[in-house]
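Trainee: Provided below for reference: sequence and predicted model.
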Amino acid sequence: MNSSRVSYFTLAAYLDSGLLRYLFFMLVLSLYLLILCANVLLIVVICMNRSLHEPMYVFLCSLFVNELYGSTGLFPFLLLQILSDVHTVSLPLCFLQIFCVHSYGHVEFMTLAIMSYDRYLAICCPLQYNSIMTVNKVAVLTAVIWLFSVCGILVIVSLTARLKLCGNIINKVYCDNYSLVKLACSDTSVNNIFGLVYMFSIVIGLVVLILYTYVRILKVCFSGSKQTRQKAVSTCTPHLASLLNFSFGAFFEIVQSRFNMSSLNMMLRVLLSLYWLTCQPLFNPVLYGLQMSKIRIMCKNMLWGKKL
């Protein structure tokens, strides 16, 4: 592998914060523990209560599992780097983090897109919903989301691993694929072509699916009863909020990675690059836990020791 000439990378976005590093460490650790507790609580609630074994909650459970996966791919590494005096990462660990971070993003977006399709069926085709969205179909869709994301990112990481790297400075606080591609001094046309085709085909396909489902939902809401509108608002509001939050975070990450953002303060650039990996895993469980009455009631029962 040509990139073996580089054995480690230096993460140049870490600031020399002196004793403040311990404050940053405690803040990041608290955020990580809060994310772990919130997501684990909702996973346990959904798994233990049979009344929540419905397609929507199964997809939510997959979403919460993905939040744990993505957070674990970032936070332990981030905590170690905050306390370290030398901000370096080995080549294998860097590629492992790239795989975790990018596969997390793919699973997140694909799950949110499938959830919009599920809401479309529940609101626009309520009589056929149970026959269309069966247990087997939910299992297949969930498996496809994870397998497709893992396989796609494996190909991307493999294409990056073959590159000859002529530098080892990454201007971020974690490893990402595009930062390594920018360090290459060999031909990156295959990486660029595959990356663009793969990303645009997924993004365009999922965006079309999301737009189609919500256009149909809006049509039903405008022509339907008050009860239908209330059902649509109660089930679609948290999904739309989660989708917009993730999309904005991913957009910030793409812009600051691919364009010269040196005019922005370094701390602001760091926060923008971390937004989609830190806010989304906390935003989802809090949002769904507060907005969805079934989950909210079950969480209260579990926390207060009542039988589920």
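Mentor: Thanks, I have the structure now.
Trainee: Contacts only, for the nearest residue to residue 276 once chain neighbours are set aside.
Mentor: Computed as CB to CB, 6 or more residues apart in numbering, the closest residue to residue 276 that is not its neighbour in sequence is residue 249, at 2.8 Å. Heads up, the C-betas are built off the backbone N, CA and C, glycines and all. When contacts are counted by CB atoms under 8 Å, 6 or more residues apart in numbering, residue 249 is found next to 275-277, 279-280.
Trainee: ok, those vs residue 218, which is closest?
Mentor: Sorting those by how near they are to residue 218, with CB to CB, puts residue 280 at the top with 25.1 Å.
Trainee: Please give the element, helix or strand, for the closest one.
Mentor: helix 266-291 (DSSP states H and E).
Trainee: Now that helix: average pLDDT?
Mentor: If you average the pLDDT over helix 266-291, you get 86.
Trainee: Tell me which residues of it come out buried.
Mentor: 269-270, 272-285, 287-289 (16 or more other CB atoms under 10 Å).
Trainee: Please compute how far that helix lies from its chain's middle.
Mentor: Helix 266-291 has its average C-alpha position 10 Å from the chain's average C-alpha position, going by CA atoms, centre = their mean, to the nearest Å.
Trainee: ok, now stretch 176-196?
Mentor: 22 Å.
Trainee: neighbouring contacts of that stretch?
Mentor: Counting by CB under 8 Å, 6+ apart, stretch 176-196 makes contact with 2-3, 6, 9, 94, 98, 101-102, 155-157, 159-160, 163-172, 257-258, all of which sit outside it.
Trainee: Now tabulate the contacts of residue 249 in CSV and tack on distance to residue 239.
Mentor: Listed next are the contacts of residue 249 as CSV, based on distance: CB to CB, whole Å:
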residue, distance to residue 239
275, 19
276, 17
277, 20
279, 16
280, 13
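Trainee: List the ones among the contacts of stretch 176-196 that fall in helices.
Mentor: For these, the ones inside helices are 94, 98, 101-102, 155-157, 159-160, 257-258, with DSSP state H as the criterion.
Trainee: Dump the residues you listed into JSON lines; add distance to residue 70 and neighbour count as well.
Mentor: Listed next are those as JSON lines, based on distance: CB to CB, whole Å; neighbours: other CB atoms under 10 Å:
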{"residue": "94", "distance to residue 70": "17", "neighbour count": "24"}
{"residue": "98", "distance to residue 70": "13", "neighbour count": "23"}
{"residue": "101", "distance to residue 70": "7", "neighbour count": "21"}
{"residue": "102", "distance to residue 70": "10", "neighbour count": "20"}
{"residue": "155", "distance to residue 70": "20", "neighbour count": "12"}
{"residue": "156", "distance to residue 70": "16", "neighbour count": "22"}
{"residue": "157", "distance to residue 70": "16", "neighbour count": "17"}
{"residue": "159", "distance to residue 70": "22", "neighbour count": "18"}
{"residue": "160", "distance to residue 70": "19", "neighbour count": "22"}
{"residue": "257", "distance to residue 70": "17", "neighbour count": "18"}
{"residue": "258", "distance to residue 70": "21", "neighbour count": "10"}
